[in-house]
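*Asks:* pasting the structure only:
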């Protein structure tokens, strides 16, 4: 399939550099767009051992030296990373002036993307994956104010804004003062085929729990907004009633606190904090877990829900933010309040009633396959590009 | 630096059109001083900032917007930038790479001398930006032999690239050479 649209995408992470969910998002979106015939260039930060340039499933990936200058802090590093990213991207666009749009992912590449927009007079599209206000539960200091100011500037300069859920569209509109009609909602997607690959279920499960233990799975950053501390508090009774084992996958500033609290609760041997896991191991873990708990207090989208859905793993969730759009109570998951008691109730229901768990997982699996395929996400993203290119074509703001 | 640039711009505008693009801690404004001299005062689109470098980089994106608008308004006619100080170097390099606009760099001072702790990470970063400007520019303009020696010594810039123009005519002649070469 051939499409005349060509996009230059800026993202501070792309595999093998993985900081959060952005890396997988840009990887899957870019290769799905390429399958639709869109010419895609991704400009991103370098990573030890990764080539400066490569083609990945038809996508041209440029990795830029992002540590060229010594910097005193993260904010200054981000600024200088933008300088390097922008200069490299300017050379790419100048050498082949056939790009239709610039697509920026989050505030971390705002300085570079906005400058490039004006230098080449190309329309800018911004995906806002989350906001500083949402991540921190408000803006509390000047450092956060700077990030929020970047986010507001990026959304002001963008021709269209893409958010991954209606919840995020609402948040961006309200927190950053963006007119709601400037925002398109395109959810994240999942490559379900990866979860169908053969694996040694028993062998993998035994690495995390014994055969007589019920495996309760949490996957996500170990930070307050993810509510993992609430899940931990719900565990003592679940361990007594079901011989449950809690496996926590992820890293974050709460890690030490969680370990300490598990010891205080006397359940240290029943809580396994694994840190980051290899992708194939993580996919297998979703497939062998008895319940996956997503106890978030703030969630722009909730990609972990899609991972559990395509793995046919029963889900207990608070249903906040984007989770409430992906999942439905008593259809595809059990929704609970963000309290240890309520989480305990939800997990107990699914461990006791396997028929209910089966119905929920079957429904969830079908829903993920139907609505969250990357090909569909790419088609919806391309529709945004096409709209922008059409509107741009009708205007006079051009590099002429 | 502001006073020097003001005098220089006034003198040069007798011979060719000059746009001065500078920071303003307020709303964006354009002032026409004569039919060949205009002053663009540009606010920083992001506030507050963590460091002087984050301030500079965000402001540079806005400087790029203003200079690109001037470039397109002049229908891409031949243009040259003279960048005073390191703060706008990221913008100058971006304009050079994107629109092939060459630039001269006038470092009125060097971080090595300004900073109380030149080996700090922030000073090293600023030195890196200064080096980028000295390396990417077509001409380095200084106002003393001592400064020329310092630029050479600290940043290893080739001697031939550094000029100490004795008057505006000599500076204009250097500008002309850059444009001819580009």
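*Replies:* Perfect, I can see it now. If you're wondering where the values come from, they're calculated on a predicted model, not measured in any experiment.

*Asks:* For the rest of this, base every contact and every neighbour count on C-alpha atoms.
*Replies:* Will do.

*Asks:* Any idea which residue of chain B lies closest to chain A?
*Replies:* As assessed by C-alpha to the nearest C-alpha, chain A sits closest to residue B:61 within chain B, at 4.4 Å.

*Asks:* Let's see the pLDDT reported for whatever residue of the stretch 201-350 of chain A ends up closest to chain B.
*Replies:* At 22.3 Å from chain B, residue A:253 is the closest residue in the stretch 201-350 of chain A, using C-alpha to the nearest C-alpha. The score at residue A:253 is 94. That number is its pLDDT.

*Asks:* likewise residue A:134?
*Replies:* pLDDT, residue A:134: 91.

*Asks:* Tell me how many other residues crowd it.
*Replies:* Residues within reach of residue A:134, counting by other C-alpha atoms under 10 Å in any protein chain shown, total 17.

*Asks:* quick one: what helix or strand has it in it?
*Replies:* In this assignment (DSSP states H and E), residue A:134 forms part of helix A:132-136.

*Asks:* Can you classify residue A:126 as helix, strand or coil?
*Replies:* strand (DSSP: H, G, I helix; E, B strand; the rest coil).

*Asks:* these two touch, right, it and residue A:161?
*Replies:* Yes. With contact defined as C-alpha atoms under 8 Å, residue A:126 reaches residue A:161; the gap is 5.0 Å.

*Asks:* shared neighbours of the two, which are they?
*Replies:* Shared contacts of residue A:126 and residue A:161 (C-alpha atoms under 8 Å, 6 or more residues apart in numbering or on different chains): residue A:155.

*Asks:* re earlier: wait, isn't the residue of chain B closest to chain A in contact with residue A:117?
*Replies:* No. Residue B:61 lies out of contact with residue A:117 (C-alpha under 8 Å); the separation is 9.5 Å.

*Asks:* Report the buried residues of the strand or helix carrying residue A:367.
*Replies:* Element membership for residue A:367, per DSSP H and E: helix A:354-371. For helix A:354-371, a neighbour-count test (16 or more other C-alpha atoms under 10 Å in any protein chain shown) marks A:356-365, A:367-369, A:371 as buried.

*Asks:* Assign a three-state SS to residue A:111, would you?
*Replies:* Following three-state DSSP, residue A:111 is assigned to helix.

*Asks:* which ones are touching it?
*Replies:* Residues near residue A:111 by C-alpha under 8 Å, 6+ apart: A:79, A:82-83, B:57-58, B:61.

*Asks:* In helices, which of these fall?
*Replies:* Within those, residues falling in helices by DSSP state H are A:79, A:82-83, B:57-58, B:61.

*Asks:* List the contacts of the residue nearest to residue A:243 when sequence neighbours are not counted.
*Replies:* Spatial nearest neighbour of residue A:243, excluding adjacent residues (C-alpha to C-alpha, 6 or more residues apart in numbering or on different chains): residue A:213 at 5.3 Å. Residue A:213 makes contact with A:242-245, according to C-alpha under 8 Å, 6+ apart.

*Asks:* Mind pulling the model confidence for the closest residue in space to residue A:77 that isn't next to it in sequence?
*Replies:* Leaving aside its sequence neighbours, residue A:77 sits nearest to residue A:71 (C-alpha to C-alpha, 6+ apart; 5.4 Å). As predicted, residue A:71 sits at a pLDDT of 96.

*Asks:* phi, psi of residue A:71?
*Replies:* phi -140, psi 150 (degrees, to the nearest 10).

*Asks:* same question, the one 5 residues further on
*Replies:* Main-chain dihedrals, residue A:76, degrees, to the nearest 10: phi -70, psi -40.

*Asks:* burial count for it?
*Replies:* Number of residues near residue A:76 (other C-alpha under 10 Å) recorded here: 24.

*Asks:* per-residue confidence at it?
*Replies:* Per-residue confidence for residue A:76 comes out at a pLDDT of 98.

*Asks:* got the contact list for stretch B:143-155?
*Replies:* Contact with stretch B:143-155 is made by B:108-110, B:131, B:134, B:142, B:157-159, B:162-165, as judged by C-alpha under 8 Å, 6+ apart.

*Asks:* Would you mind giving me the ChimeraX syntax to select the buried ones in these?
*Replies:* Buried residues within those, by 16+ other C-alpha under 10 Å, are selected in ChimeraX with:
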select /B:109,110,131,134,142,157,162,163,165
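
*Asks:* From the contacts of stretch B:143-155, which land in strands?
*Replies:* Secondary structure from DSSP state E places B:162-163 of these in strands.

*Asks:* sorry, back to before: what sits up against the helix holding residue A:134?
*Replies:* Outside helix A:132-136, the residues that touch it by C-alpha under 8 Å, 6+ apart are A:138-139, A:144, A:147-148, A:171, A:175, A:225, A:298.

*Asks:* Contact residues of the stretch 301-400 of chain A facing chain B?
*Replies:* Listed as neighbours of chain B in the stretch 301-400 of chain A under the rule C-alpha under 8 Å from any C-alpha of the partner chain: A:399-400.

*Asks:* Could I get the full set of strands for the stretch 301-400 of chain A?
*Replies:* A:315-317, A:334-335 (DSSP state E, counting those that start in this stretch).

*Asks:* just the ones you listed: most buried one?
*Replies:* Highest mean neighbour count of the strands of the stretch 301-400 of chain A: strand A:315-317, a mean of 26 (counted as mean count of other C-alpha atoms under 10 Å in any protein chain shown).

*Asks:* packing partners for that strand?
*Replies:* On a contact count with 3 or more C-alpha pairs under 8 Å, 6 or more residues apart in numbering or on different chains; DSSP states H and E, strand A:315-317 meets strand A:291-294, helix A:303-310, strand A:334-335, helix A:340-352.

*Asks:* do that again at 7 Å, thanks
*Replies:* strand A:291-294, strand A:334-335 (3 or more C-alpha pairs under 7 Å, 6 or more residues apart in numbering or on different chains; DSSP states H and E).

*Asks:* OK, contacts around residue B:138?
*Replies:* Contacts for residue B:138 (C-alpha atoms under 7 Å, 6 or more residues apart in numbering or on different chains) come out as B:102-104, B:178.

*Asks:* circling back: kindly tell me how buried the residue nearest to residue A:77 is, as a neighbour count.
*Replies:* Applying other C-alpha under 10 Å, we find 21 residues neighbouring residue A:71.
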